[in-house]
Structures are given as C-alpha cells and as structure tokens.
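> Take a look and give me a structure for this.
(one chain, ligands or ions: 1)
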Amino acid sequence: MNEQTLSMRLERVAAHVPQGARLADIGSDHGYLPVALALRGTIEAAVAGEVAHTPYASAQRNVRRNGLEQRITIRLADGLEAIQAQDRISAVSICGMGGDTMCEILERGKARLSGGERLILQPNGGERELRAWLMANGYRIVCEEVLRENRFDYEIIVAEPGAAVVYSAEELYFGPVLMREKSPAFVTKWQRMLRQKQQTLANFERARDAIAQHKLQDFARQVGWITQVLA
Ligand code: SAM
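Model (predicted):
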C-alpha cells in the first residue's frame, strides 16, 4: 500500500469523503489517505494528525514528496487536538484503531468539532460501543459497509450530526444500515461469527460452573440475534 494504491479498506473509506471536503485524518500514520485524496483532487485541504513521532515523520515525508505542503498540514497531536478552528474541517476520518480508542478520542475532543462534520470511521472491533457513542452524541449513521481484506472483516461507519435517533440493541450490534441492507459480505461475516459464537457457547456450557451466568446469557443472546438476522 502507498499513497497511489490504497488498500481496499482505505479505498472504501476514501469513497465516503465528499468532493471538496476539508478533511482531518486522525491517526493518519503515513498520511496515505489524505495524500491520495489530494492527488485525486477529491479534497480541498487536509490535516493529518498523528500522536507518534515515527508515523508523523513518515507523513511529513510523503506530503513533501508529493508537493502537497500547501494543502496538507501534518500535526503531531493527540486525537482531535490536531484540529484548529481555522482549518474549517468538514469531514473527520479515524481509521485502523479500536472502537474504544475512537470513542475516547471523540469524547475527549468533541469540543474541537464544530458540529457539522461528517465522521468516517473504520474501527477494528468495538463497533457496538462506537455506534452507542454516536447515538448518545447526536449523530445519525448514514452509511455503513463491511468488507473483507487479508482475512479480516472491516466495518466502515459514516455518521452525520442530525435529529436524534434511537437505535435498538440489535442495530447497535449489527449496524442499522448493515442489518437493513444485508449485503453478501455482511451475511458471510455473520455466518462465520455465528459458527464461532456457537462453539464458544458450547464451551461455556460445558464449563458452566466457572463461567459467569451473565456472560453466558450475553453470548446466548448474541447467537439468537445472529440467527434471526441471517434468517
Ligand atoms: N489510519 C491509518 C489506516 O487506517 O491505515 C493508520 C492506522 S494505524 C494502525 C493507527 C495510527 O493511529 C497509528 O499511527 C497511531 O500512532 C495513531 N494513533 C493512535 N492513537 C492516536 C491518537 N490518540 N491520536 C492520534 N493518532 C493516534
């Protein structure tokens, strides 16, 4: 992967960045996403935020090598602290980290958001908690995708501020859009998850004494939901 050829995962993230956006890519690593989008003329400008020195230096090199210093600003910053009011950011991407870390970044930094930004999130796990954070903070999930690359299932969640929405427990778990659309990738993912969870549940039941009852019940409920959604 590089700024010319994004991974399929980042390519799908890129597809949700609106034409002409002013993007903040938080946890940008090499800066591949903003650099690719600037080279393609999709974004007007970007801020690439990185908390770690080595990826920050790598993003700087990539921006310089592509002559994009006027359009992409790299900032060594923790989470949304990379965003300044004068950036007039219209979209924020946070990709390739756990959903719990994303919730922390959004919660700690929400004062940095103007309230109009589209959020494009690609969590590695913790999707349910991330959707719950979005719901609690006045975001509506407008688009979702699931894709498989290098033997991993990735979800992309796109959210916009809007009228309050209440998602059911199942919608938070599967994704409100994903469970409505039931794409082939979604069905394949959850068929695989169902097999794994049924196996875990059988193991729990065999070792019933040692397993907290609520954990067993939670797994049994998940198996029920998955069975239903695939029906
Ligand atoms: N976003 C890229 C992608 O999806 O391919 C890079 C993902 S990389 C696995 C995660 C990056 O997030 C790392 O470079 C890490 O240093 C950065 N990161 C983690 N926590 C961060 C935070 N609080 N603020 C800024 N960057 C963070």
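
> switch to C-alpha atoms for all contacts and neighbour counts from now on
OK.

> CA-only coordinates of the helix or strand where residue 171 lies in PDB, if you can.
Element membership for residue 171 (DSSP states H and E) is helix 169-174. Once non-C-alpha atoms are left out, helix 169-174 reads as follows in PDB (Å, rounded to 0.1, in the frame of the first residue of the first chain):
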ATOM      1  CA  ALA A 169     -29.700  -3.100  20.800                       C
ATOM      2  CA  GLU A 170     -29.600  -5.200  17.600                       C
ATOM      3  CA  GLU A 171     -29.000  -2.100  15.500                       C
ATOM      4  CA  LEU A 172     -26.000  -1.100  17.700                       C
ATOM      5  CA  TYR A 173     -24.700  -4.600  17.400                       C
ATOM      6  CA  PHE A 174     -25.000  -5.200  13.600                       C
END
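
> Confirm residue 106 sits in a helix?
Yes - assigned with DSSP: H, G, I helix; E, B strand; the rest coil, residue 106 falls within a helix.

> contacting residues for the residue lying closest to it once chain neighbours are set aside?
Excluding its sequence neighbours, the residue lying closest to residue 106 (CA to CA, 6 or more residues apart in numbering) is residue 80, at 7.2 Å. By CA atoms under 8 Å, 6 or more residues apart in numbering, the contact list for residue 80 reads 26, 49, 105-106, 108-110, 112.

> again with residue 28
By CA under 8 Å, 6+ apart, the contact list for residue 28 reads 48-50, 55, 59, 94-95.

> Tabulate those residues in CSV, adding columns for secondary structure.
Below are these laid out as CSV (three-state DSSP):
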residue, secondary structure
48, strand
49, strand
50, strand
55, helix
59, helix
94, strand
95, strand
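
> First-to-last residue distance for stretch 88-100?
End-to-end distance of stretch 88-100 (CA to CA, to the nearest Å): 26 Å.

> quick one: contacts of it?
Taking CA under 8 Å, 6+ apart as the rule, stretch 88-100 contacts 17-18, 21-28, 46, 83, 102, 116-127, 129-130.

> and residue 159, what element?
Taking DSSP H and E as the criterion, residue 159 maps to strand 152-161.

> Buried residues of that strand, list them for me.
For strand 152-161, burial by neighbour count (16 or more other CA atoms under 10 Å) applies to 153-161.
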